[in-house]
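Student: Below are the sequence and a predicted model for it; my questions follow.
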Amino acid sequence: MEAIHTQEAHPAFRGVFSAGSSEDLAQIYDLWAVTYDNTVAHDLAGGGENHPTTGLAATVASALSRADRDGVRTILDCGAGTGAAGPLLRQHFSRAESIVAFDLSKGMLERAAARGVYSDRIVGRCPDMGPALAACPDGYDFIFCAGTFTPNHAPASTLESLANILRPGGHVAFNIRSYYFQAESSGFRREQARLCAEGRWELVADEERPYLPKEGVKARCFVFRAVIGSEMANEKRG
Ligand SMILES: C[S@@+](CC[C@H](N)C(=O)[O-])C[C@H]1O[C@@H](n2cnc3c(N)ncnc32)[C@H](O)[C@@H]1O
């Protein structure tokens, strides 16, 4: 299997890329939660902006029509972290009735809850999206994942799990470091190609944007639509 060489030099990444288990990774984020926003905005991205979140939100804003956005009632912020996306999601999807924050780290979710925009917060681990579905049994209209598909974080099999909790006609948006997406062993290229080939997803947007400018890292920002009718395929799969 092709090894993935991460490009970031900043010491903040040492633990997150090398954590040996999700429990260890959760603990690292629990400890990082208080300073996370500041580190990202000033040390990793620069210019005081959380590019991983704002870049993906900008892709979504240009890719989805007003009618698409007005039709969204239920949102899942998957790998929500400290909830940097929460206020942007509230702004872009003004008719949403619920925005659920889902994350491995309780400490990160506590920061997210303090923003006052999430209706629910769930400690969970991708690719097991069962707890997220339990919070919204009819499925989600929109799923947002910024920074969730970082090396050593949520695996590529999460895309299948997200496909299973997305309502037909709904959208999923996620970003992924360009070098990680290109690495065959990350599995993301293969998984999204498979979901499209099976007629379950169709591509709406694929843009490359600055991700962590201070580290010289760019990311691909994707938006996919769950094809109407694909729920029958999901049911057959069990
Ligand atoms: C790089 S941070 C991004 C946080 C936030 N979305 C943002 O843009 O600021 C990645 C987040 O994913 C969470 N995470 C990592 N692996 C996960 C998994 N398997 N399931 C759920 N969350 C995970 C981490 O706890 C962390 O909060």
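Tutor: Here it is on my side, so go on.
Student: Correct me if wrong: E215 contacts D43.
Tutor: No - under the criterion of Cβ atoms under 8 Å, E215 makes no contact with D43, lying 9.2 Å away. C-beta coordinates here come from the backbone N, C-alpha and C atoms, glycine included.
Student: Between the two, which is the more surrounded one?
Tutor: Neighbour count, other Cβ atoms under 10 Å: between E215 and D43, E215 has more, with 19 against 15.
Student: contacting residues around the strand or helix carrying Q91?
Tutor: According to DSSP states H and E, Q91 maps onto helix 86-92. Contacts with helix 86-92, where a contact means Cβ atoms under 8 Å, 6 or more residues apart in numbering, come from 53-54, 57, 60-61, 69, 75, 77, 80, 96, 99, 101, 112, 115, 117-118, 144.
Student: Out of these, which sit inside strands?
Tutor: Counting by DSSP state E, the contacts of helix 86-92 place 75, 77, 99, 101, 144 in strands.
Student: a markdown table please, covering the residues you listed and showing pLDDT, neighbour count and distance to the ligand.
Tutor: Shown next, in a markdown table, are the ones in strands among the contacts of helix 86-92 (pLDDT from 0 to 100; neighbours: other Cβ atoms under 10 Å; distance: Cβ to the nearest ligand atom, whole Å):
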| residue | pLDDT | neighbour count | distance to the ligand |
| --- | --- | --- | --- |
| I75 | 98 | 27 | 13 |
| D77 | 98 | 28 | 7 |
| I99 | 98 | 24 | 13 |
| A101 | 98 | 30 | 9 |
| F144 | 98 | 29 | 8 |
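Student: Could you point out the longest helix of the protein?
Tutor: Using DSSP state H to define each element, the chain has its longest helix at helix 22-38.
Student: buried residues in it?
Tutor: If you call a residue buried by 16 or more other Cβ atoms under 10 Å, then helix 22-38 has these buried ones: 25-30, 32-33, 36-37.
Student: contacting residues around it?
Tutor: Counting by Cβ under 8 Å, 6+ apart, 12, 15-16, 19, 39, 50, 81-82, 84, 103-108, 110-111, 125, 152-153 sit against helix 22-38.
Student: Filter the residues you listed down to the buried ones and hand me the PyMOL line.
Tutor: To isolate the buried members of these in PyMOL, using 16+ other Cβ under 10 Å:
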select buried, resi 12+15+16+19+50+81+82+84+103+104+105+107+108+111+125+152+153
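Student: Next up, the contacts around the closest residue in space to I99 that isn't next to it in sequence.
Tutor: In this structure, I99 finds its nearest non-sequential neighbour in I75, 4.5 Å apart by Cβ to Cβ, 6 or more residues apart in numbering. Neighbouring residues of I75 by Cβ under 8 Å, 6+ apart: 89, 93, 96, 98-100, 140-144.
Student: rerun that using 10 Å as the cut-off
Tutor: Going by Cβ atoms under 10 Å, 6 or more residues apart in numbering, I75 touches 85-86, 89-90, 92-93, 96-101, 118-119, 136, 140-144, 170.
Student: again with V100
Tutor: 74-78, 80, 118-122, 131-132, 135-136, 140, 143.
Student: mind redoing it with 7 Å?
Tutor: By Cβ atoms under 7 Å, 6 or more residues apart in numbering, the contact list for V100 reads 75-77, 118-120, 122, 132, 135-136.
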